[in-house]
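J.: Model the following, please.
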Amino acid sequence: MSEVSKYRPFYPYAPGGTKHSHLWSALGLTCIDDLRRKCDLANGGRRAACPLFWTLGANQVGRAAIIGWRDVIAPAVRTDRPPVLWPFDGSLQDLLKPGNLVFVETYPAECYAWFLESGLKGKGKLEVRRKAAPALLNWARSANVTLDLELRRAIGEGFPDGDDAFDAAVGLFGMLEVLLRGRSSCEPNEESVRKLEGWILGQESASARP
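T.: Modelled structure (predicted):
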């Protein structure tokens, strides 16, 4: 905890006696919401997302953020043709050009209601994920998306490998819903969000562009 600073904001390194308050207080903040971006805050039927810099627990995203930045984004931006990052580099419409590799952020929990009429609760249970299969398969058919046989089988069986695989598929379907079905990307107008915080693809915002 003594090493937490704006230069080393991820916490904790290992479990055991750690609390959210250790992180936000060490950074000079007043509560855990101070670490959440606007797109992380609770909205509608979705609870708040875990803060980006927290690395412990089933819903943490800190470790994934570290791996994504270190192993995917950082090497990619050093290539001869670096990817473009939405919304930092522009609107989705402007970025979707031949030859561009566009990185976007998705949040499966944001997408549940897009495909599942009553949302989703208890995704950690195999039976819950299995009950979601007909809706996901119906969506793929209606969107003319051809599924790999292995993916189709995993969906039908409720993703026996766990809910991480389930969320990966839902996140992918969410991206396709925006690209193929015309769902708005919901880009925010606020300069600080577009240039600093970033946004979740398809998440509605009071300041979203039309």
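J.: Where does pLDDT dip in this protein?
T.: Within the chain, the segments meeting pLDDT under 70 span 1, 45, 206-210.
J.: Helices along this structure, start to end?
T.: 20-26, 62-67, 74-77, 92-95, 108-115, 126-131, 133-142, 149-156, 163-181, 191-192 (DSSP state H).
J.: my read: Gly171 touches Pro108, true?
T.: Yes - counting by CB atoms under 8 Å, Gly171 touches Pro108, with 4.8 Å between them. Every residue, glycine included, has its C-beta placed from N, CA and C.
J.: Just give me the neighbour total for Val170.
T.: Close neighbours of Val170, defined as other CB atoms under 10 Å, add up to 27.
J.: Please give the number of neighbouring residues around the closest residue to Leu101 other than its chain neighbours.
T.: Distances taken as CB to CB, 6 or more residues apart in numbering put Pro83 closest to Leu101, at 4.0 Å, once the chain neighbours are dropped. Using other CB under 10 Å, Pro83 has 16 neighbouring residues.
J.: how far away is Pro83 from Ala113?
T.: Look at Pro83 and Ala113: by CB to CB, to the nearest Å, they are 29 Å apart.
J.: list the contacts for Gly202?
T.: The neighbourhood of Gly202, defined by CB atoms under 8 Å, 6 or more residues apart in numbering, consists of Thr106, Glu110, Cys111, Trp114, Gly174, Glu177, Val178, Arg183, Ser184, Ser185, Cys186.
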